[in-house]
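Asks: Predicted structure and sequence below. I'll ask about it afterward.
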Amino acid sequence: MKVIDLINNSKGTAFSFEILPPLKGTGIEKLYQTIDTLREFDPKYINITTHRSEYVYKDLGNGLFQRNRLRRRPGTVAVAAAIQNKYNITVVPHILCSGFTREETEYVLLDLQFLNITDLLVLRGDKAKHESVFTPEGDGYHHAIELQEQINNFNKGIFVDGSEMKVTASPFSYGVACYPEKHEESPNIETDLYWLKKKVEAGAEYAVTQLFYDNKKYFDFVEQAKAAGINIPIIPGIKPFKKISQLSMVPKTFKVDLPEALVKEALKCKNDAEAEQVGVEWCVAQCKELMEHGVPSIHFYSIGAVDSIKEVAKIIY
Ligand code: FAD
């Protein structure tokens, strides 16, 4: 069943989570353990992230360097297929502009179509570590909405080389990303909402938020989105606070604020075990309040936080 239908048909707040493909050369068993741990809470769907290539430079010794493309976490499509087969659950692979040409994207779509995977999260993707400004790969795209257009065309049987064919497979449906504390490159929340509305008009059926720790920011964002004419479900993305070092790492990495009350509690902790407990308690309170407000679904970012999510889910589900 499509994600949007799973959310709309869910009795109570749907539970879902996101996983990363294993590192290059690593087996999938550990990933299955994560899924097994969280499966008892009846996830409605599982997202699988995608990661762009980075480049490594080999010194050729004569003042020249050879640039080699390296994808540290390849295999999103294969991981999605493996999970779908093993658990018979809806999988949502992420599909990116970042690091992909149009033709490479088309190959990904074809693979997914053959595997009968039809739900996607459509994203621009992070910039490369060495980039100060996002740069598309070859003829790839600058923004998620352009990738949505390619997918919409693919659904109609129009391919990147301009050829057309009658489509017999199921079409792709998709969600997009959004940012209650605005995207880091956006001059203000209004501009960000303007582009989010365009993504909805282009076919996004729901949006998943960047993680946040202050529910008020989410509630305000949902109100502003509604006022701007955005009427799709806006799914809160949540990750339990885990380590003292995250006090500086979270704002830097995700461009979100940590609420003063959470910071105060975290600063009292003598070690990460105590910080983890603070994080679980904060997350439970956050989720309970979100559920009281009738959010359609809560989406958990599981990387490095599976045990905490289990603790939270035991209490709220
Ligand atoms: P866009 O929608 O392109 O927006 C990026 C910026 O451009 C925003 O400031 C927006 O306001 C503006 N904008 C949008 N459209 C236009 C336009 N047409 N013209 C001018 N400006 C425009 N990254 C990964 O690499 N892999 C992942 O798997 C991944 N998963 C994610 C999952 C979620 C739920 C979220 C919230 C983020 C995820 N990210 C992932 C990070 C995401 O790719 C980055 O935040 C990226 O910088 C922006 O992606 P986007 O799809 O929001 O981009």
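Replies: Alright, I've got the coordinates.

Asks: For the rest of this, base every contact and every neighbour count on C-alpha atoms.
Replies: Noted.

Asks: Pull the residues that contact the strand or helix carrying V280.
Replies: For V280, the element it lies in under DSSP states H and E is helix 272-292. With contacts defined as C-alpha atoms under 8 Å, 6 or more residues apart in numbering, helix 272-292 is touched by 13, 213-215, 238-244, 262, 265-266, 269, 298, 308-309, 311-312, 315-316.

Asks: One more: stretch 117-133?
Replies: Contacts of stretch 117-133 (C-alpha under 8 Å, 6+ apart): 2-3, 51-54, 81, 90-98, 112, 134-135, 141-144, 147-148, 170-177.

Asks: Spell out which parts of the stretch 1-150 of the chain neighbour the ligand.
Replies: By the rule C-alpha under 6 Å from any ligand atom, the part of the stretch 1-150 of the chain lying against the ligand is 49-51, 94, 123-126, 143-144.

Asks: got TSV for those, with distance to L290 and neighbour count too?
Replies: Below are those laid out as TSV (distance: C-alpha to C-alpha, whole Å; neighbours: other C-alpha atoms under 10 Å):
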residue	distance to L290	neighbour count
T49	24	23
T50	28	24
H51	30	21
H94	25	24
L123	25	22
R124	27	22
G125	27	22
D126	28	16
H143	30	19
A144	27	22
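
Asks: can you give me the strands in the chain?
Replies: Assigned strands in the chain, in chain order: 14-19, 45-48, 54-59, 65-70, 90-96, 119-123, 173-178, 207-211, 234-238, 297-301 (criterion: DSSP state E).

Asks: What's the ChimeraX line that selects buried ones from the contacts of helix 272-292?
Replies: Buried members of those, defined by 16 or more other C-alpha atoms under 10 Å, are picked up in ChimeraX with:
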select :13,213,214,215,238,239,240,241,242,243,244,262,266,269,298,308,309,312
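
Asks: Just the ones of the contacts of helix 272-292 in helices?
Replies: Among the contacts of helix 272-292, DSSP state H puts 215, 262, 265-266, 308-309, 311-312, 315-316 in helices.

Asks: The ligand: which of the residues you listed is nearest?
Replies: Closest to the ligand out of those is N215 (15.7 Å), distances taken as C-alpha to the nearest ligand atom.

Asks: ok, the closest one - contacts?
Replies: Shown in contact with N215 (C-alpha under 8 Å, 6+ apart): 286, 289-290.

Asks: most surrounded residue in those?
Replies: Taking other C-alpha atoms under 10 Å as the neighbour criterion, L290 ranks highest of the contacts of N215 with 20 neighbours.

Asks: Now do the buried residues in stretch 106-123.
Replies: Going by neighbour count (16+ other C-alpha under 10 Å), the buried part of stretch 106-123 is 106, 109, 112, 117-123.

Asks: Now do L109, the pLDDT please.
Replies: As predicted, L109 sits at a pLDDT of 98.

Asks: how near is it to T49?
Replies: Counting by C-alpha to C-alpha, to the nearest Å, the separation of L109 from T49 is 15 Å.

Asks: what do you get for N271?
Replies: According to C-alpha to C-alpha, N271 stands 30 Å off from T49.

Asks: Could you do F17 as well?
Replies: Going from F17 to T49 by C-alpha to C-alpha gives 11 Å.

Asks: hang on, isn't V108 packed against V77?
Replies: Yes - contact status for V108 versus V77: in contact at 7.4 Å, counting by C-alpha atoms under 8 Å.

Asks: hang on, the earlier thing: could the contacts of N215 go into CSV alongside pLDDT?
Replies: Shown next, in CSV, are the contacts of N215 (pLDDT from 0 to 100):
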residue, pLDDT
Q286, 98
E289, 98
L290, 98
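
Asks: Nearest to T191 among these?
Replies: The shortest approach to T191 among these belongs to L290, at 25.6 Å (C-alpha to C-alpha).

Asks: What's the separation between that closest one and N68?
Replies: 45 Å.

Asks: sorry, back to before: could you pick out the one among the residues of the stretch 1-150 of the chain next to the ligand with the lowest pLDDT?
Replies: Note: of these, the lowest pLDDT belongs to D126, at 91.
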